[in-house]
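Enquirer: build me a model:
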Amino acid sequence: MSKSAMVRARMKPELKNHAESIFHNLGLNATQAITMFYKQVELRNGLPFDMILPTSTTKRTFDLTDKKRNLVICENVEDMFNKLGI
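Expert: So this is what the prediction gives:
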């Protein structure tokens, strides 16, 4: 089958340039990367990554963190592990 279908999308130029730089480092061009994305959507019958909404507990934790409330401050990695009980 010939490759004649076109996909057009609008995005910020910075995002496009950064993504294409990553594609280049992976040895891919934009067409190959987009084709791989579409193929994964087809194979999985969905997006090739999780699309989840945070739980109410996670939302509450994010809100408290944003407000700098109930934060656990650790001096270093060892202190963090101790506070986590690890």
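
Enquirer: walk me through the domains of the chain.
Expert: When the chain is parsed with automatic domain parsing, its domains come out as 13-44, 52-86.

Enquirer: tell me the most buried of the ones you listed?
Expert: Mean neighbour counts were compared across the domains of the chain using mean count of other CB atoms under 10 Å; the top stretch is domain 13-44, at a mean of 12. C-betas here are computed from N, CA, C, even on glycine.

Enquirer: quick one: contacts of the one helix or strand Glu14 maps to?
Expert: Assigned by DSSP states H and E, Glu14 belongs to helix 13-25. Applying CB atoms under 8 Å, 6 or more residues apart in numbering, the set of residues contacting helix 13-25 from outside is Asn29, Ala30, Gln32, Ala33.

Enquirer: and what about the most centrally placed residue in the chain, helix, strand or coil?
Expert: Centroid-nearest residue in the chain, with CA atoms, centre = their mean: Phe49, separated by 8.1 Å. Taken by DSSP: H, G, I helix; E, B strand; the rest coil, the conformation at Phe49 corresponds to coil.

Enquirer: could I get the domains of the chain as CSV with distance to Ser4?
Expert: Below are these laid out as CSV (distance: least, CB to CB, whole Å):
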stretch, distance to Ser4
domain 13-44, 13
domain 52-86, 36
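
Enquirer: nearest to Ser2, of the ones you listed?
Expert: When these are compared by CB to CB, domain 13-44 sits nearest Ser2, at 13.7 Å.
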